[in-house]
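[1] Fold the following.
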Amino acid sequence: MSENATVTAEETNAGEVENTQNTEDVSYHAVEKDGSVTAIWEMQGQKHIRTIDPRSNEGKQILALFETAA
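    Numbering: from 1, shown residues only. Next comes the predicted model:
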């Protein structure tokens, strides 16, 4: 966590601190079938938050970030 995020968390109330900590462990998992991505799962820890269509604008952005990171 960066120093700015730590200061922000300390200055907020307890509910907002919990929100800040929860957003830090959000991850995205590509679900593949026959070599193509069929879904993107947004996960928070081990909890499935939502499914994103890889053909949607948001799905395309997430996949583009993944492809440039690899």
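[2] Assign residue 68 to helix, strand or coil.
    Using DSSP: H, G, I helix; E, B strand; the rest coil, the secondary structure recorded for residue 68 is helix.
[3] Can you report how many residues neighbour it?
    Using other C-beta atoms under 10 Å, residue 68 is surrounded by 7 other residues. (Each C-beta comes from the backbone N, C-alpha and C, glycine too.)
[4] Would you mind pulling the contact partners of stretch 57-70?
    Here stretch 57-70 makes contact (C-beta atoms under 8 Å, 6 or more residues apart in numbering) with 28, 30, 37, 40, 52, 53, 54.
[5] Are any of those buried, and if so which?
    Buried members of these, scored by 16 or more other C-beta atoms under 10 Å, are 30, 37, 40, 52, 54.
[6] Which members of those occur in strands, if any?
    30, 37, 40, 52 (DSSP state E).
[7] how about TSV for those, with distance to residue 64 added?
    Shown next, in TSV, are those (distance: C-beta to C-beta, whole Å):
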residue	distance to residue 64
30	12
37	12
40	12
52	13
